[in-house]
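# I need the structure of the sequence given here:
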Amino acid sequence: MKSYLKILILVLSVTAFPVSGISLLDGMVSLDEGNATIHGVNGYIVIPSAEPAWSDNEAMVTVGYSANLAGSFSHLPYLQLGLNNSFEFVLSADVESDAAIMLNGKWRIDKKGSRSLAIGVNSQLLNIPSAIDWAAQIYAVSTFSSTFIDWPAKTTLMVGYTLSESLSTDIDYGMGFQTTFMKDLFNEKVDFLLDFGNISYCANPNVSDATNRGMVNLGFRLLPLKLADQVYLSGDLRALDILDSSDRGLSIGIGLSYNP
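Predicted structure coming up:
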């Protein structure tokens with residue numbers, strides 16, 4: 001536990017200093033960056049962001065769905081609620097032959113310029129109905145502006161701890177990048193996503209194997225398109241666990257958001 005605390009302090013202290021590069025976040029709202037990980041938490045592919053779902057002074061409600069193929073086919077519907085630009089709650093399920101139910105909560109505790117700091121928890125009810133078990137992931141996460149190669153990017157660092165008996169290690173870490181993809185061709189409406197670490201969206205996911213840890217995911221995000229007054233559509237195309245031949249997978253996600 002002492003080593004875990006040292007890692008937490010080191011990672012979060014990095015974000016206390018200015019980061020070079022052009023900011024993607026200044027003058028923008030999170031809505032313009034999409035809001036759907038595989039299981040619906042505002043962030044990248046599986047790594048959460050320190051930014052909660054954009055909600056301004058009202059609530060932002062998003063319903064979404066991810067279809068995942070990695071040897072078998074699974075479904076991940078979710079319901080996301082953002083409150084006051086500080087809080088986010090997500091209820092999601094991971095359904096194949098067995099199912100998992102996940103309840104996520106995230107609180108942004110600090111925001112300075114383009115840098116945000118948040119804490120969160122992902123509580124999970126697993127292996128329903130065959131052999132019901134539970135797990136929980138608690139984490140601290142920081143999001144800030146940086147550069148990815150030579151491109152302006154939104155970067156996130158995450159450290160956490162998983163309460164579960166099935167994993168080879170309890171300490172979680174991860175990093176995510178989001179940057180504009182071919183901005184002239186797609187008119188800055190498509191972003192490239194990359195995240196990696198030793199954490200999945202669930203302690204026992206139906207897509208990929210979280211037991212021995214270590215995952216690299218990449219994808220493309222269609223930023224929210226306005227369908228009607230206060231209604232937005234976003235989507236993701238993802239490649240999962242790309243360095244592991246046995247657990248490699250594909251995922252397609254879609255989200256429909258309403259901001260009253």
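# per-residue pLDDT, Met102?
For Met102, the pLDDT comes out at 94.
# any idea which element it lies in?
According to DSSP states H and E, Met102 maps onto strand 99-112.
# now the element after that strand, going C-ward?
On the C-terminal side of strand 99-112, the nearest following helix or strand under DSSP H and E is strand 115-128.
# next, the buried residues of that next one.
Neighbour-count burial for strand 115-128 flags Arg115, Ser116, Leu117, Ala118, Gly120, Asn122, Gln124, Leu126 (criterion: 16 or more other C-beta atoms under 10 Å). Every C-beta, even on glycine, is put in place using the N, C-alpha and C of the backbone.
# wait, the last one touches Ala100, no?
Yes. Using C-beta atoms under 8 Å, Leu126 and Ala100 qualify as a contacting pair, with a distance of 4.9 Å.
# list residues touching both of the two?
Shared contacts of Leu126 and Ala100 (C-beta atoms under 8 Å, 6 or more residues apart in numbering): Cys202, Asn204.
# all strands of the stretch 101-250 of the chain, in order?
Assigned strands in the stretch 101-250 of the chain, in chain order: 115-128, 133-148, 151-163, 171-180, 190-197, 215-228, 231-240, 249-258 (criterion: DSSP state E, counting those that start in this stretch).
# just the C-alpha atoms of stretch 123-131, please, in PDB.
The C-alpha coordinates for stretch 123-131 follow below in PDB (Å, rounded to 0.1, in the frame of the first residue of the first chain):
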ATOM      1  CA  SER A 123     -18.600  -0.900  -8.300                       C
ATOM      2  CA  GLN A 124     -19.300  -4.200 -10.100                       C
ATOM      3  CA  LEU A 125     -21.600  -7.200  -9.600                       C
ATOM      4  CA  LEU A 126     -20.100 -10.000 -11.700                       C
ATOM      5  CA  ASN A 127     -20.900 -13.400 -13.200                       C
ATOM      6  CA  ILE A 128     -24.700 -13.000 -13.000                       C
ATOM      7  CA  PRO A 129     -26.500 -15.400 -12.600                       C
ATOM      8  CA  SER A 130     -24.100 -18.400 -12.500                       C
ATOM      9  CA  ALA A 131     -21.700 -17.500  -9.700                       C
END
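# can you check the pLDDT for Leu5?
At Leu5, pLDDT is 37.
# which intervals of the stretch 101-250 of the chain have sub-threshold pLDDT?
147-151, 165-169, 207-214, 245-246 (pLDDT under 70).
# which residues sit in contact with the residue lying closest to Ser86 once chain neighbours are set aside?
Leaving aside its sequence neighbours, Ser86 sits nearest to Arg108 (C-beta to C-beta, 6 or more residues apart in numbering; 4.9 Å). By C-beta under 8 Å, 6+ apart, the contact set of Arg108 is Ala50, Glu51, Pro52, Asn85, Ser86, Phe87, Ser116, Leu117, Ala118.
# again, but for Val216
Neighbours of Val216 in contact, by C-beta under 8 Å, 6+ apart: Leu194, Asp195, Phe196, Asp241, Ile242, Leu243.
# average model confidence for stretch 62-77?
In this model, stretch 62-77 has a mean pLDDT of 88.
# and that stretch, end to end?
11 Å (C-alpha to C-alpha, to the nearest Å).
# so what's the gap between that stretch and the chain middle?
Taking C-alpha atoms, centre = their mean, to the nearest Å, the mean C-alpha location of stretch 62-77 is offset from the chain mean by 15 Å.
# got the buried residues for that stretch?
By neighbour count on 16+ other C-beta under 10 Å, the buried set for stretch 62-77 is Thr62, Gly64, Tyr65, Ser66, Asn68, Ala70, Ser74, Leu76.
# got it, and stretch 217-237?
For stretch 217-237, using 16+ other C-beta under 10 Å, the buried residues are Asn217, Leu218, Gly219, Phe220, Arg221, Leu222, Leu223, Pro224, Tyr232, Ser234, Gly235, Asp236.
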